[in-house]
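**Q** Sequence and predicted structure, then a few things I'm wondering about:
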Amino acid sequence: MEVKIEQIIAYALGIILFVVGIVCYAAFPVETPEEPIRIMFKSTAGNILFDHKVHAGEAGYGIGCSDCHHNLEDEGDTPPACGECHEVDGEDPIKRSDAFHQNCQGCHEDEGAGPVECSACHVR
């Protein structure tokens, strides 16, 4: 008889904690940051996990938005997708991978900091 009461109490406590967890999850949603923290770029050579916060944040490298996003009118604007201007079949047939390699590797080489080897950025 005691075992059955203990089971009922355990199930009731589990259900109560589950309901409290759901309510807390729904009541306190995580705020989405204005700028991305990290971005995962998909690539056939291996995905690249880019730490945007370290590159753009004042506590990190402090690189300005327009240093990478060349078509921004005002600092802090949301950059358009690359494909909006650079079409593979259009007048400006630059591939996304070429643009990233020129921009990222070029900056790493110019500044003398950051990886330039393929395996440092591309992970399987």
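**A** Cool, the structure landed.

**Q** For the helix ranked longest in the chain, buried residues please.
**A** Longest helix in the chain, counting residues (DSSP state H): helix 2-27. For helix 2-27, the neighbour count (16 or more other Cβ atoms under 10 Å) marks no residue as buried. All C-beta spots, glycine's among them, are computed from the backbone N, C-alpha and C.

**Q** So which other helices or strands are in contact with the following helix or strand past that helix?
**A** Using DSSP states H and E, the helix or strand that directly follows helix 2-27 along the chain is strand 39-41. On a contact count with 3 or more Cβ pairs under 8 Å, 6 or more residues apart in numbering; DSSP states H and E, strand 39-41 meets strand 47-50.

**Q** Export only the CA atoms of the strand it packs on, formatted as PDB.
**A** Taking C-alpha atoms only, strand 47-50 is exported to PDB below (Å, rounded to 0.1, in the frame of the first residue of the first chain):
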ATOM      1  CA  ASN A  47      30.800  23.800 -43.100                       C
ATOM      2  CA  ILE A  48      32.200  27.000 -41.600                       C
ATOM      3  CA  LEU A  49      31.200  28.200 -38.200                       C
ATOM      4  CA  PHE A  50      31.700  31.900 -38.300                       C
END
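
**Q** Walk me through which strands it pairs with, and which way each runs.
**A** Next to strand 47-50 in the sheet, as set by DSSP bridges, lie strand 39-41 (antiparallel), strand 122-123 (antiparallel).

**Q** per-residue confidence averaged over it?
**A** If you average the pLDDT over strand 47-50, you get 88.

**Q** Equivalent analysis for stretch 94-103, please.
**A** Mean predicted confidence for stretch 94-103 is 79.

**Q** what's the closest of the strands paired with strand 47-50 to D77?
**A** strand 39-41 (17.1 Å; Cβ to Cβ).

**Q** domain assignment for this protein?
**A** For the chain, automatic domain parsing gives the domain ranges 1-30, 39-123.
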